[in-house]
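**Student:** sequence and predicted model, in that order:
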Amino acid sequence: MVPNVMSELTGKTVLVTGANRGIGRALADRFLALGATTLLTARSAAARETLARDFASAGDRVRVFGCDIADPDSVRALQTGVASAVPQLDILVNNAGVFVKTDRLMYADDVDPRVLEETLRTNLFGTIAMCAAFIPSIPAGGRIINVSSTMGQLSDGGLEPYAVAYSVSKAALNAYTSALANRLRERRILADAVHPGWVQTDMGGPGAQISPEAGTETIVFLATRPVGETGKFWNQKQIVDW
Ligand code: NAP
């Protein structure tokens, strides 16, 4: 639904990666409803067509781009496309991520390096490439929200012994987010990592606890809160230990 009144993010531009399904798709609805100019990425042409159709009534308020964040050329092309569409980017939501099927039963003493590499290429290197590409376009007061997971949380007993590629990728993403926040502090750009909850998506599975809409809550909270703390790990709108 396109609002016709001023909303919390009116005048702001938000970019969401992996917006064709799951939490990313739910974020697209939320950010549009909050009044933002909403830039969405999807890897496949078919997914982009579906998104463009779904949001046709929003006109210029929604733009759909292609991007495989694991491919540096694709990230560069996205950056060029976005720069020609909007003057600045206020909020970057690095939502795109993978959890490779065979990783779910991959234990720490039996790691398939191909699964580890595939996972890191998107969840870590891809997210880092997105940050590097878009930081120059983000003004003071802007923010970077890295969608992470408590599976990468080192406190509270450490990582599970299985799903090693995914867990390590999110632990590394958390570590990167901390460094990024400290790098951007002087520019008053906030950078945080967030656990969205255990969400009913292709990744979370049907037995997960919350809907994709509910999975957007803390992300939207971070996107709309006043400028404040940065470099934190968030879960259910609270700061939690890394
Ligand atoms: P999902 O339903 O599997 O959707 C993942 C999205 O990421 C899809 O749009 C997918 O695009 C995109 N994507 C994957 N690799 C990509 C790449 N290399 N380049 C660009 N896009 C790529 O997953 P989800 O549950 O919505 O997860 C979203 C984020 O939340 C992820 O970062 C995930 O780790 C995190 N998370 C999820 C849960 C949960 O319970 N679901 C819990 C904690 C954290 P395609 O359609 O082209 O594959």
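**Tutor:** Thanks, I have the structure now. Numbers count the residues shown, from 1 in each chain.

**Student:** give me every residue in the chain lying close to the ligand.
**Tutor:** 17-18, 20-24, 43-44, 47, 67-70, 95-98, 122, 126, 147, 149, 195-196, 198-199, 201-204, 208 (Cβ under 6 Å from any ligand atom). Yep, even glycine has a C-beta here, placed from its N, CA and C like the rest.

**Student:** next step: those residues restricted to helices.
**Tutor:** Gly22, Ile23, Gly24, Ala47 (DSSP state H).

**Student:** wait, which of the residues you listed is closest to the ligand?
**Tutor:** Nearest to the ligand, judged by Cβ to the nearest ligand atom, of those is Gly22 at 2.2 Å.

**Student:** buried sites along stretch 171-187?
**Tutor:** Buried residues in stretch 171-187, counted by 16 or more other Cβ atoms under 10 Å: Ala171, Ala172, Leu173, Asn174, Tyr176, Thr177, Ser178, Leu180, Ala181, Leu184.

**Student:** quick one: the first one from Pro196, how far?
**Tutor:** With distances taken as Cβ to Cβ, to the nearest Å, Ala171 is found 16 Å from Pro196.

**Student:** do the fifth one as well
**Tutor:** The spacing between Tyr176 and Pro196, counted by Cβ to Cβ, is 18 Å.

**Student:** end to end on stretch 107-115, go ahead and measure it.
**Tutor:** With Cα to Cα, to the nearest Å as the measure, the ends of stretch 107-115 fall 12 Å from one another.

**Student:** in helices, which of the buried residues of stretch 171-187 appear?
**Tutor:** Ala171, Ala172, Leu173, Asn174, Tyr176, Thr177, Ser178, Leu180, Ala181, Leu184.

**Student:** can you redo the ones in helices among the residues of the chain next to the ligand as a markdown table with pLDDT and neighbour count?
**Tutor:** Putting those into a markdown table (pLDDT from 0 to 100; neighbours: other Cβ atoms under 10 Å) gives the following:
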| residue | pLDDT | neighbour count |
| --- | --- | --- |
| Gly22 | 98 | 21 |
| Ile23 | 99 | 30 |
| Gly24 | 99 | 26 |
| Ala47 | 98 | 19 |
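
**Student:** mind putting these in JSON lines, distance to Pro139 included?
**Tutor:** Below are these laid out as JSON lines (distance: Cβ to Cβ, whole Å):
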{"residue": "Gly22", "distance to Pro139": "29"}
{"residue": "Ile23", "distance to Pro139": "26"}
{"residue": "Gly24", "distance to Pro139": "23"}
{"residue": "Ala47", "distance to Pro139": "30"}
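
**Student:** let me know the average pLDDT across stretch 150-167.
**Tutor:** The predicted model assigns stretch 150-167 a mean pLDDT of 97.

**Student:** should've said stretch 82-94
**Tutor:** Averaging pLDDT along stretch 82-94 yields 98.

**Student:** can you list contacts of it?
**Tutor:** With contacts defined as Cβ atoms under 8 Å, 6 or more residues apart in numbering, stretch 82-94 is touched by 9, 12-17, 24, 27, 36-37, 39, 63, 65, 69, 127, 130-131, 134, 137-139, 141-147, 219, 223.

**Student:** next one: stretch 16-28
**Tutor:** Outside stretch 16-28, the residues within contact range by Cβ under 8 Å, 6+ apart are 31, 38-44, 47-48, 50-51, 55, 62, 64, 67, 69, 93-97, 130, 147, 196, 199, 201-204, 211-213, 215-216, 219-220.

**Student:** in strands only, show me the residues you listed.
**Tutor:** In this view, the contacts of stretch 16-28 that belong to strands under DSSP state E are Thr38, Leu39, Leu40, Thr41, Ala42, Val62, Val64, Val93, Asn94, Val147.
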